[in-house]
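Undergrad: What follows is a predicted protein model with its sequence.
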Amino acid sequence: MADSSTLKGLTRFGSTQRRDAWWIENLPFIIVFGGFLAYATWRAIENNYFWVAPYLSPFYSPLIDPHHHWWPFSPAFLILGGPGGFRITCYYYRKAYYRAAFAHPLGCAVSEGHRGYSGERKFPLILQNVHRYFFYVVTIILAFLWYDTVVAFNFNGHFGIGVGTIVMLVDVILLTTYSLSCHSLRHLVGGKLDCFSCTTFGKPRHAAWRGVTILNEHHMFWAWVSMISVGLTDLYIRLVASGAIRDIRLL
Amino acid sequence: MSPATKYETHEHDVLIIGAGGAGLRAAIEALAQGARVGVVCKSLLGKAHTVMAEGGLAAAMANVDKADNWRTHFRDTMSGGKYLNNWRMAQLHAQEAPDRVRELEQWGALFDRTDTGDILQRAFGGHTFKRLCHVGDRTGLEMIRTLQDRGVDLGFDVYMECTITRLLKDGDRVCGAFGYWRNSGNLVVFKAKSIVIATGGIGKSWKITSNSWECTGDGMALAYEAGAELLDMEFVQFHPTGMVWPPGVRGILVTEAVRGEGGILRNKNGERFMEKYDPKRLELSTRDIVARSIYTEVREGRGSEHGGAYLNISHKPAEYVKRKLPSMYHQFKELADVDITKGPMEVGPTCHYVMGGIRVDAETGQSTVPGLFAAGEAAGGMHGANRLGGNSLSDLLVFGRRAGLAAAQQAGKCPATAIDNAQIEAAERDLLAPFTRAGGENPYKIHENLQDVMQSLVGIFRNDEDLRKAIVELEKLKARAANASASGSHVYNTGWHLTRDLQSMLTVSEACAHAALARTESRGAHSRIDFPKTEDAWGKKNLIIAKKGSAMTLTEVPRGAMPAELQEILAESK
Amino acid sequence: MADATATLRVFRGDAETGKAVDYEVPLTPGMVVLDAIHSIQANQSPDLAVRWNCKAAKCGSCSAEVNGRPKLMCKTRMDSLPPDQPITVFPIKTFPVIKDLVTDVSWNYEVNKKIPAFKPKPNAEWKMYQRDVDRGQEFRKCIECFLCQNVCHVLRDHDKKQDFGGPRFFVRTAALEMHPLDSRNRIPLLREQLGIGYCNITKCCTEVCPEDIHITDNAIIPLKERVVDQFYDPLTMIVRKIFPAK
Ligand SMILES: Cc1cc2nc3c(=O)[nH]c(=O)nc-3n(C[C@H](O)[C@H](O)[C@H](O)COP(=O)(O)OP(=O)(O)OC[C@H]3O[C@@H](n4cnc5c(N)ncnc54)[C@H](O)[C@@H]3O)c2cc1C
Ligand code: SF4
Ligand code: SF4
Ligand code: FES
Ligand code: FES
């Protein structure tokens, strides 16, 4: 605790006059995000229990080359780069890991000491600027996830609903909402315009921008719930596929 | 030693004292004339009192009420001012305000909009039509930022946190100003061909006030010392709605826009008391009337819990209130734990604005001293006995521009002037004297007592006895102030700064008390309990304060006859 | 309540030397930190230096660090602070101290000059609709308290005053860039002189803004996206080449 009386004592790493528990903010992120990362990596390497009719784990969708004709590793690796890159370059996740992992800064008005800093101006962090391309990729993947969800209503040619169907439906809705609340999308649909009233399609674009803005105000929330839900969805399918639990048919 | 070597010296064609709306608008106009312009202000740029203005800026643009025009605005202004206004100023103001507003827009201001894409206007007390251009309840901020950006773009020199303590003269003319840097205590001399005073109001002499620390009447005192005349100093506006609770926030303004947007005033018995005092205009009556009504309710025992009235806007949808009155919403939520979308606010009168000020020529803003101009709240005449809400911001623009223009034109024709060392040295002695009086009084105490005197004896209701007492008390305070001391270094020494500000406050307070005592009638903001009637005879004259030798003198000057065309406009209403 | 007091631990001194001095201050209902400072000036130490104007959170003069958090003193209630320990009141850390609580913020006024002012489109009709000015109006709520500049780690810890404009000036630039009738392009300026790339969107500026401007979400990120449009996104760069905007 640097409650130093002069001003010079406050520049060491971690020193602050704040009295509140500012460091607590970073803990949930470290624990949950760290946990998710570990789980997802393990699941990708596991390369098993990702499909049990009619459910396909979102970690493995779209399923590419599951029989290893040309890709020797887990097919999950072909997919996870998209959503993974999307989240790594997401403005919310950036904030969270710059603080929790890079300590730039650890907390507001908490000193980070004298360390080099170039922000997002240099390689590799300058690559964060490609975020919108990950958005495009993820949009394609989302289309597959929606297709998978429709398939999850199809039990051997008959319409049906199981717990897994609900789980997948909720998951894809949350993932879609997360994407729809993206800052880059907000820019692309209308944020880039200076004058909504002077542009062709200005009014609908303003409406779209408003809509995205409303979701965007809770972007952090959508980031969290969609990450947790995609993890749990995979876990559910793994448990069913491995025979640990049985899926219950509701309809 | 010559002043050029002993003191930091700056030279300009036009020196503007004050960076509120009036000062900045004057600077912009003088720059446009090609003059070299310097702007001096006591605070940082953009912090002048104008930044606090909330409700809006009056201009007959007829965006909302198509029937509006300058004639109606003129008539409203005159009737609000109880016909004591300088009619030429009121006329120019009403005619030019719309153009001044459009100009702001062209410099980047973003006013609230109508559905057809024009500037939205809202209702305000005493205005016949919806006339106040606004941005939520932070119009002053929008205005000062727009002017500031414009000025920076045109390239004026700004001397921030620099206080002028004396005007320098060469014979009859002003030729410069002397002051100090608040940051260092160092002294500085400005040479200028013409000087515009735009130093704002005097409200800091009252205890319950909406004014910031800067409003110490410096400009009026400077001009008075330099031989200029002060006009209508008895007319001090008490805004009807200041916060009353908790004690720390007492006096902070509750914008008239709350009433403009439909707010209703009630006493503790739940009666809508304005039905009694002004059944036609109700809450949107003029400020003098609403302030007196609230005061009367409280005095007669019908006040709210903490001695005010209840002002309620919670019948409007919460979202609407938050959008139209965002800073009021936050102000009450954070400072008073009141949610104005759910319950009433407690409000009471607070010292707000001085209608009086430096006597100026209507067209040019020139005072009775050659080379010395004034604009904004520091100038008098435009608002007569009572100012209408929103008429100040437009006044700043209209007359700020005119003063800047005339000052620049005059600077072009000005003969060479010389700075007189003796004047500077005297000013320096005065300024530094508090440091030599070790063991003298703490200026904060004197200021506190001054505020008590003005609040209790020269307040909303006045009488002969109180005013005489006030004059006696002010004499005593002057003696004490002459003995106030400062200690510590010259660097940002707030106590020392106050010893200087006190001089100005005492001068303008004295002027106010004298004029109030002399005006034996009630008119607009000036209410004499012992002379409750408005007298026609008094409507024909203004009171003027000036310095003769070392004494403050007061004279009555007759007002000429109003031109027939303006009389016709006034007659239209009746 | 009548004789309750609080202890304020106020920084007294200048850039070179200084120390925290404790003052006992009587408490009144609804008191804010600035009231307590004024009470010290009036009763104990008339030369205590502090900047303030409005005492109503409208002018942005009274910024300081209260218990280590950047705040407007006139908006920080004494009863919102833990009463059992002394309340520390220090000058904002990012700018050089002049004396006591007053700092030299002149750097901000210099940065401001780098940003070209509003320049209307030729033949503008001066019709603007509320939907087109909403964004700008949020940014124009800024009272220039410089609390965001103070807390931003790029300035506070890394002292990039040469290369970085800081959140306040991203807010100003955003207001100009999103003005429906403005004709200038300040995106190259943002990327180069104002160094928007130094911002790593960690949102401390947003957390401290007393005007509740969503600095990061509504000003900085949209501006970063515009920088991407002009400098990093090959697709939009090509589109812009073919159909030049503005
Ligand atoms: C809370 C509040 C709300 C208001 N709302 C409205 C409204 O909605 N509509 C409206 O029309 N009016 C309103 N008013 C009134 C209006 O804001 C003021 O009358 C007006 O802003 C005064 O502007 P000015 O340019 O004359 O002076 P100010 O803005 O007061 O500026 C004075 C300048 O002079 C400088 N100065 C003073 N003394 C010296 C010195 N000795 N040396 C150097 N510089 C000095 C100061 O630093 C400052 O820069 C409101 C007033 C208050 C208090
Ligand atoms: S979001 Fe950017 S500008 Fe704001 S404090 Fe963080 S780094 Fe600074
Ligand atoms: S953006 Fe907010 S925090 Fe920054 S200067 Fe403006 S009001 Fe203060
Ligand atoms: S900003 Fe978070 S997903 Fe795009
Ligand atoms: S004094 Fe104006 S913001 Fe605090």
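TA: Great, that's in hand. Ligands and ions are numbered 1, 2, ... in the order given.

Undergrad: what's around whichever residue of chain C sits closest to ligand 4, how many residues?
TA: Chain C approaches ligand 4 most closely through C:Ile221 (7.6 Å), counting by CB to the nearest ligand atom. Backbone N, C-alpha and C define where each C-beta goes, glycine included. For C:Ile221, the count of nearby residues is 24 (other CB atoms under 10 Å in any protein chain shown).

Undergrad: Quick check: it vs C:Arg191, distance?
TA: When distance is defined by CB to CB, to the nearest Å, C:Ile221 is 15 Å away from C:Arg191.

Undergrad: Tell me which other helices or strands the helix ranked longest in chain A touches.
TA: Looking across chain A with DSSP state H, the single longest helix is helix A:219-241. Helix A:219-241 is packed against helix A:26-46, strand A:51-52, strand A:55-56, helix A:76-88, helix A:91-100, helix A:163-180, with contacts defined by 3 or more CB pairs under 8 Å, 6 or more residues apart in numbering or on different chains; DSSP states H and E.

Undergrad: so that helix versus helix A:76-88, what angle?
TA: For helix A:219-241 against helix A:76-88, the angle by axes from the mean of the first three to the mean of the last three CA atoms, to 10 degrees is 160 degrees.

Undergrad: Secondary structure class of the closest residue to A:Leu56 other than its chain neighbours, three-state.
TA: Distances taken as CB to CB, 6 or more residues apart in numbering or on different chains put A:Asp148 closest to A:Leu56, at 4.8 Å, once the chain neighbours are dropped. At A:Asp148, secondary structure determined by DSSP: H, G, I helix; E, B strand; the rest coil is helix.

Undergrad: I'd guessed A:Leu145 sits against A:Val172; true?
TA: Yes - at 4.8 Å, A:Leu145 counts as touching A:Val172 under the criterion of CB atoms under 8 Å.

Undergrad: Quick check, pLDDT for B:Val14.
TA: Among the per-residue scores, B:Val14 holds a pLDDT of 97.

Undergrad: follow-up on the earlier one: more neighbours, A:Leu145 and A:Val172?
TA: A:Val172 (25 against 22).

Undergrad: so C:Met125, which of the three states?
TA: Let me fix one detail, which is that residue C:125 is Glu and not Met. coil.

Undergrad: any idea how chain C splits into domains?
TA: Chain C breaks down into these domains under automatic domain parsing: C:5-103, C:106-242.

Undergrad: Hmm, B:Ile294 and B:Val347 touching each other?
TA: Yes - look at B:Val347 against B:Ile294 with CB under 8 Å: they come within range, at 7.3 Å.

Undergrad: Give me the common contacts of these two.
TA: B:240-241, B:265, B:308-309 (CB atoms under 8 Å, 6 or more residues apart in numbering or on different chains).

Undergrad: Now for those residues, which sits with the most neighbours around it?
TA: B:Pro240 (32 neighbours).

Undergrad: quick one: C:Asn218 is in a strand?
TA: No - according to three-state DSSP, C:Asn218 belongs to no strand; its state is helix.

Undergrad: contacting residues for the nearest residue to it once chain neighbours are set aside?
TA: Using CB to CB, 6+ apart and skipping the chain neighbours, the partner closest in space to C:Asn218 is C:Glu138 (6.2 Å). The contact partners of C:Glu138, taken as CB under 8 Å, 6+ apart, are C:213-214, C:218.

Undergrad: could you dump those residues to a markdown table with pLDDT and neighbour count?
TA: Shown next, in a markdown table, are the contacts of C:Glu138 (pLDDT from 0 to 100; neighbours: other CB atoms under 10 Å in any protein chain shown):
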| residue | pLDDT | neighbour count |
| --- | --- | --- |
| C:Ile213 | 97 | 23 |
| C:His214 | 98 | 18 |
| C:Asn218 | 98 | 22 |
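
Undergrad: ok, those vs chain B, which is closest?
TA: Comparing those against chain B with CB to the nearest CB places C:Ile213 closest, at 11.7 Å.

Undergrad: For the closest one, what is the enclosing helix or strand?
TA: Assigned by DSSP states H and E, C:Ile213 belongs to no helix or strand.

Undergrad: check contacts around it.
TA: C:138-139, C:141-142, C:171, C:206, C:219 are the contacts of C:Ile213 under CB under 8 Å, 6+ apart.

Undergrad: C:Asn108 should be in a strand, yeah?
TA: No - under the criterion used here (three-state DSSP), C:Asn108 is helix, not part of a strand.

Undergrad: Before we move on, what's the pLDDT of it?
TA: On the pLDDT scale, C:Asn108 gets 98.

Undergrad: Having no further points to raise, I will conclude here.
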